[in-house]
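1. predicted model, plus sequence, below.
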Amino acid sequence: MSLEENKAAVRQLWGHVYDRKWDALAALLTPDCWHRDMPAPDRDAGARGPKNIVDRLRIGFDLIERFDHEELRIVAEDDLVVLEHRERWHFGTGEVVENRLASIHELRDGKIVKWFDYWDINNMISQAPQWWVEKVAEASPRDFT
């Protein structure tokens with residue numbers, strides 16, 4: 001795949017995340033895809049496979065009313081795409097979380113095989129509503145490996 005095709009696949013992936021098009025997102029992931037949130041307590045395990053990745057994302061994202069997303073920079077080399085971006089999560093209870101992150105994606109034949117997100121967990125927890133933090137904390141990392 002070309003560098004531009006790989007960048008387009010990553011942009012499509014994030015579009016599906018924010019639009020919550022979970023089946024479309026899963027279709028962009030290889031069967032052995034590995035997703036890790038690097039600051040999360042289960043960063044070494046993360047989630048493996050499209051179903052587990054989508055299930056894990058939905059724990060937190062289904063509780064958010066809407067998203068704003070801003071791409072700051074995207075760089076591609078070979079089958080690697082790095083995206084620096086900013087998210088704004090709007091909760092129905094009025095809180096807004098702004099999260100700046102760098103996401104690293106490895107592709108194989110136009111699909112994502114590895115997806116690692118780097119962000120500031122303290123920033124997120126300090127802005128998110130307590131009820132959301134508690135709900136997300138209820139999930140077990142063992143459910144997604």
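-> Alright, I've got the coordinates.
2. for the longest helix along the chain, which helices and strands make contact with it?
-> Assignment by DSSP state H gives helix 3-19 as the longest helix of the chain. Under the contact definition 3 or more Cβ pairs under 8 Å, 6 or more residues apart in numbering; DSSP states H and E, helix 3-19 sits against helix 22-27, strand 66-77, strand 80-90, strand 96-108, strand 111-119. Bear in mind the C-beta positions are built from the backbone N, C-alpha and C, glycine included.
3. closest one to Ala47 among those?
-> Minimum separation from Ala47 across the helices and strands packed on helix 3-19 (Cβ to Cβ) falls at strand 111-119, 9.4 Å.
4. could you pull up the mean pLDDT of the following helix or strand past the closest one?
-> Next in sequence after strand 111-119, counting helices and strands by DSSP states H and E, comes helix 121-127. Helix 121-127 comes out with an average pLDDT of 91.
5. now helix 121-127: how far from the chain's centre is it?
-> On the basis of Cα atoms, centre = their mean, to the nearest Å, helix 121-127 is displaced by 16 Å from the centre of the chain it belongs to.
6. which other residues reach it?
-> Here helix 121-127 makes contact (Cβ atoms under 8 Å, 6 or more residues apart in numbering) with 39-40, 95-100, 133.
7. most surrounded residue in those?
-> Within the contacts of helix 121-127, most neighbours by other Cβ atoms under 10 Å means Val97, with 19 neighbours.
8. contacting residues for it?
-> Val97 neighbours (Cβ under 8 Å, 6+ apart): 87-89, 91, 124, 127-128.
9. which of these are buried?
-> Taking 16 or more other Cβ atoms under 10 Å as the criterion, what is buried in the contacts of Val97 is 87, 89, 91, 124, 128.
10. thinking the last one is in contact with Glu95, fair?
-> Spelled out, that is Ala128. Yes: the criterion here is Cβ atoms under 8 Å, and Ala128 meets it with Glu95 at 6.7 Å.
11. so where's this protein uncertain?
-> Of all residues in the chain, those with pLDDT under 70 make up the ranges 42-44, 141-145.
12. try it again with 80
-> 40-44, 139-145 (pLDDT under 80).
13. I'd assumed Trp34 was in a strand, is it?
-> Yes: under DSSP: H, G, I helix; E, B strand; the rest coil, Trp34 falls within a strand.
14. thanks again, I'm all set now.
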